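A.B. asks: Provided below are the primary sequence and the corresponding predicted coordinates.
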Amino acid sequence: MVLDRTAPKVRAICCIGAGYVGGPTCSVIAQRCPHIKVTIVDVNPVRIAAWNSDTLPVFEPGLDEVVKECRGRNLFFSTDIDDAIREADLIFVSVNTPTKKSGVGAGYAADLHYVEASTRRIASVSDAPKIIVEKSTVPCRTASSMRVILEANSRPGLRFDILSNPEFLAEGTAIRDLSAPDRVLIGSLSTPEGKAAARALAAVYENWVPPEKIFTTGLWSSELSKLAANALLAQRISSINAMAAICEATGADVDEVAHACGLDARIGPKFLKASVGFGGSCFQKDILNLVYLSDSLGLPQVAAYWKQVITMNEYSKARFAQKVVQTLFSTITNKKIAVLGFAFKKDTGDTRETAAISLCKDFRSENALVSIYDPKVPEAQIWLDLTEPGVVDDGQKVKQQVTIAASAIEACKDAEAVVIATEWDEFRTLDWATVYKSMKKPAFVFDGRSIVDAAALRKIGFQVHSVGKGPEIQDPVWA
Ligand SMILES: NC(=O)C1=CN([C@@H]2O[C@H](COP(=O)(O)OP(=O)(O)OC[C@H]3O[C@@H](n4cnc5c(N)ncnc54)[C@H](O)[C@@H]3O)[C@@H](O)[C@H]2O)C=CC1
Ligand SMILES: O=C(O)[C@H]1O[C@H](OP(=O)(O)OP(=O)(O)OC[C@H]2O[C@@H](n3ccc(=O)[nH]c3=O)[C@H](O)[C@@H]2O)[C@H](O)[C@@H](O)[C@@H]1O
């Protein structure tokens, strides 16, 4: 994008929402733009205190260094939301947009009340023009609702420009993704004012992102592009996981199939790793949001098409759990199952929608004893996830069936089976010979991420089942 030097200049940024997106995104902006004051605010004082401490509330490789470099210089974390709004020329709205739990659209639609609360606050507090940027993932045309709320609740004549600037970072690689993004997308109205606001935001990114990677679209295209990108990514995973089921039934190897397909430049090699099922706070939520949008627009076939991506993911998780039960002679009652990894992917402590929650639920319903180890997820978070309403209705029973181990070796001691739920690097290089000695026999490994050297483990004595590997390359017991 070619910069127009007449665009309004951004001197102070406020980011509402100090979560997984707001925190890392605006910390990187502060690092790359030392001339801009960046204040990240949140209604949650505990979260803000953590951002101001040595133990940040979000684990991301490289984040500590960025925050340490900028905090107190041009990067501030605060609960004084009104002050930060007043001072800012540009405000990112980066609050959560979870799936609605009740009311109209429950289970599908995005709950926009945090976005609305932030918008109302901006309207009531602002005494000068602002550029307001949707950073949260929102349904198509949310900007139009924000405009109505702003105009109805602010001082007469006060100017607000609304932009859409969806975030494409992935957890675990957030700092890398933010430092060298594939693209920065800015959606605006096509009016001269809308375009000037887009140029002002582009100028912020141009401090480190090459101009050819910054591109602008209309507001609605930008909002929809975010939902579309996540739907397309999740669709690839469900597609390869569907192939994994065929591989296991036929003797094909899903990694070989993925590699063969990915060599086609039109398909490409990324995001074709078969797994126990995708997790994370966004894929499911955003697809459900798309399903709801499609249904509301009178497009039930489109809704059904995207819904199938979620259905296949649920199937992948359930199929994997069933495989464990069947293989362990159709009963895991009172058997110890070690679950290695609880985060939804490696290099994050985030457990939202992690496949490990479904697996543990399924193992518990078969009366197994589950021992969980994850290098980054705090113990309290695991208990919280396992006792959530909807996951379990008897928290006491969970405590009798589940233990949380301090190491992988401890989790596996006396276990009948090891289940790898997250692809943490340390599981690749675990001392598997020691693990084998400490386990009941026959000792099984169910690799839900296909990360271990199955042949080496078989040499030790394990019976190994890797997702998407057919019977010919499994132990004879599965043939
Ligand atoms: N987690 C991720 O990797 C990505 C998330 N997104 C989107 O970004 C948005 C935020 O996601 P996360 O950062 O993961 O959520 P989060 O839940 O980690 O953080 C949101 C924060 O907003 C705060 N908040 C809510 N209402 C507020 C208000 N009225 N005033 C001030 N603070 C308020 C909450 O207290 C919370 O700390 C969502 O729409 C999500 O879909 C987009 C790309 C990546
Ligand atoms: O909107 C969002 O929140 C973000 O959602 C995803 O990022 P994230 O969920 O953090 O992580 P991913 O790397 O996409 O992984 C999601 C899940 O898919 C799984 N996955 C990923 C890739 C793959 O090939 N196979 C696979 O099973 C991961 O293990 C994980 O459980 C997208 O990749 C980001 O671009 C997007 O910004």
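C.D. replies: Perfect, thanks for sending it. Ligands and ions are numbered 1, 2, ... in the order given.
A.B. asks: So the closest residue in space to residue 275 that isn't next to it in sequence, which state does it fall into?
C.D. replies: Distances taken as Cβ to Cβ, 6 or more residues apart in numbering place residue 449 nearest to residue 275, at 5.7 Å, with adjacent residues excluded. Yep, even glycine has a C-beta here, placed from its N, CA and C like the rest. Residue 449 carries the three-state label coil when classified by DSSP: H, G, I helix; E, B strand; the rest coil.
A.B. asks: how many other residues sit next to residue 449?
C.D. replies: 23 (other Cβ atoms under 10 Å).
A.B. asks: which ones are touching it?
C.D. replies: 273, 275, 276, 341, 420, 421, 422, 423, 467 (Cβ atoms under 8 Å, 6 or more residues apart in numbering).
A.B. asks: Distance-wise, check the third one relative to residue 147.
C.D. replies: To residue 147, residue 276 is 43 Å away according to Cβ to Cβ, to the nearest Å.
A.B. asks: who has more neighbours, these two?
C.D. replies: Counted by other Cβ under 10 Å, residue 276 and residue 147 do not tie: residue 276 has more neighbours, with 30 against 17.
A.B. asks: how distant is stretch 14-21 from the center of its chain?
C.D. replies: 15 Å (Cα atoms, centre = their mean, to the nearest Å).
A.B. asks: Now do that stretch: distance from first to last residue.
C.D. replies: 14 Å (Cα to Cα, to the nearest Å).
A.B. asks: average pLDDT across that stretch?
C.D. replies: Per-region confidence: stretch 14-21 scores 98 on mean pLDDT.
A.B. asks: what's it in contact with?
C.D. replies: By Cβ under 8 Å, 6+ apart, stretch 14-21 touches 22, 25-26, 38-42, 44, 47-48, 51, 57-58, 77, 81, 84-85, 87-88, 90-96, 114, 118, 121-122, 135-136, 167, 169, 171, 174, 281, 350.
A.B. asks: Could you confirm whether it reaches ligand 1?
C.D. replies: Yes. Counting by Cβ under 6 Å from any ligand atom, ligand 1 is contacted by stretch 14-21 at 16, 17, 18, 19, 20, 21.
A.B. asks: what's the closest of the residues you listed to residue 357?
C.D. replies: residue 20 (17.7 Å; Cβ to Cβ).
A.B. asks: Can you check my assumption that the closest one lies in a helix?
C.D. replies: No. Applying three-state DSSP, one finds residue 20 to be coil, outside a helix.
A.B. asks: That one: neighbouring residues, count only.
C.D. replies: 24.
A.B. asks: Residue 398 too?
C.D. replies: 18.
A.B. asks: Looks to me like it is in a strand.
C.D. replies: No. Looking at residue 398 with three-state DSSP, it is helix, so not inside a strand.
A.B. asks: Next, the contact list for it, please.
C.D. replies: Here residue 398 is in contact with 364, 383, 386, 387, 392 (criterion: Cβ under 8 Å, 6+ apart).
A.B. asks: Next, give phi and psi for the second one.
C.D. replies: The reference is to residue 383. Backbone torsions for residue 383, taken as degrees, to the nearest 10, come to phi -60, psi -40.
A.B. asks: got JSON lines for the contacts of residue 449, with pLDDT too?
C.D. replies: Output for the contacts of residue 449, formatted as JSON lines (pLDDT from 0 to 100):
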{"residue": "273", "pLDDT": "98"}
{"residue": "275", "pLDDT": "98"}
{"residue": "276", "pLDDT": "98"}
{"residue": "341", "pLDDT": "98"}
{"residue": "420", "pLDDT": "98"}
{"residue": "421", "pLDDT": "98"}
{"residue": "422", "pLDDT": "98"}
{"residue": "423", "pLDDT": "98"}
{"residue": "467", "pLDDT": "97"}
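A.B. asks: For residue 175, give its distance to residue 209.
C.D. replies: 14 Å.
A.B. asks: roughly how far is stretch 208-215 from the heart of the chain?
C.D. replies: The answer for stretch 208-215 is 24 Å, by Cα atoms, centre = their mean.
A.B. asks: And it, end to end?
C.D. replies: 15 Å.
A.B. asks: looking only at pLDDT, what's the mean for it?
C.D. replies: The model assigns stretch 208-215 a mean pLDDT of 97.
A.B. asks: Could you count how many residues lie near residue 314?
C.D. replies: 13.
A.B. asks: Now do the contacts for it.
C.D. replies: 277, 358.
A.B. asks: separation between it and residue 166?
C.D. replies: Residue 314 is 26 Å from residue 166, by Cβ to Cβ.
A.B. asks: What are the neighbouring residues in contact with the nearest residue to residue 353 once chain neighbours are set aside?
C.D. replies: Nearest residue to residue 353, sequence neighbours excluded (Cβ to Cβ, 6+ apart): residue 279, at 4.6 Å. For residue 279, the contact set (Cβ under 8 Å, 6+ apart) comprises 344, 345, 352, 353, 354, 355, 356.
A.B. asks: now residue 279, what's its secondary structure?
C.D. replies: Classification of residue 279 using three-state DSSP returns coil.
A.B. asks: quick one, phi/psi of it?
C.D. replies: Per degrees, to the nearest 10, the backbone of residue 279 is at phi -130, psi -160.
A.B. asks: For it, give its distance to ligand 1.
C.D. replies: Look at residue 279 and ligand 1: by Cβ to the nearest ligand atom, to the nearest Å, they are 12 Å apart.
A.B. asks: Give me the pLDDT value at the most centrally placed residue in the chain.
C.D. replies: Nearest residue to the geometric centre of the chain (Cα atoms, centre = their mean): residue 280, 3.7 Å. At residue 280, the model reports a pLDDT of 97.
A.B. asks: Now the two most distant members of the residues of stretch 14-21 next to ligand 1.
C.D. replies: 16 and 20 (14.3 Å).
A.B. asks: got a list of what the residue of the stretch 301-450 of the chain found nearest ligand 2 touches?
C.D. replies: Nearest residue of the stretch 301-450 of the chain to ligand 2, counting by Cβ to the nearest ligand atom: residue 345, 3.8 Å away. By Cβ under 8 Å, 6+ apart, residue 345 lies in contact with 171, 172, 279, 280, 422, 423.
A.B. asks: gap between it and ligand 1?
C.D. replies: Where ligand 1 is concerned, residue 345 sits at a distance of 10 Å (Cβ to the nearest ligand atom).
A.B. asks: How about residue 58?
C.D. replies: Counting by Cβ to the nearest ligand atom, the gap from residue 58 to ligand 1 is 8 Å.
A.B. asks: Counting neighbours, what do you get for the closest residue to residue 107 other than its chain neighbours?
C.D. replies: Nearest residue to residue 107 in three dimensions, chain neighbours excluded: residue 99, at 6.5 Å (Cβ to Cβ, 6+ apart). Neighbourhood size, residue 99 [other Cβ under 10 Å]: 19.
A.B. asks: What residues are bridge-paired with residue 99?
C.D. replies: Beta-bridge pairing for residue 99 (DSSP bridges): residue 110.
A.B. asks: low pLDDT regions in the chain?
C.D. replies: 1-6, 391-395, 471-479 (pLDDT under 70).
A.B. asks: try 90
C.D. replies: 1-8, 388-397, 399, 470-479 (pLDDT under 90).
A.B. asks: ok now the helix of greatest length in it, how far from the chain's centre?
C.D. replies: Of all segments of type helix in the chain, defined using DSSP state H, the longest is helix 219-250. Centre-to-centre, helix 219-250 and its host chain are 14 Å apart (Cα atoms, centre = their mean).
A.B. asks: Buried residues, it. List them.
C.D. replies: Residues 219, 222-227, 229-231, 233-241, 243-245, 247-248 are the ones in helix 219-250 that count as buried (16 or more other Cβ atoms under 10 Å).
A.B. asks: I am finished for the moment; much appreciated.
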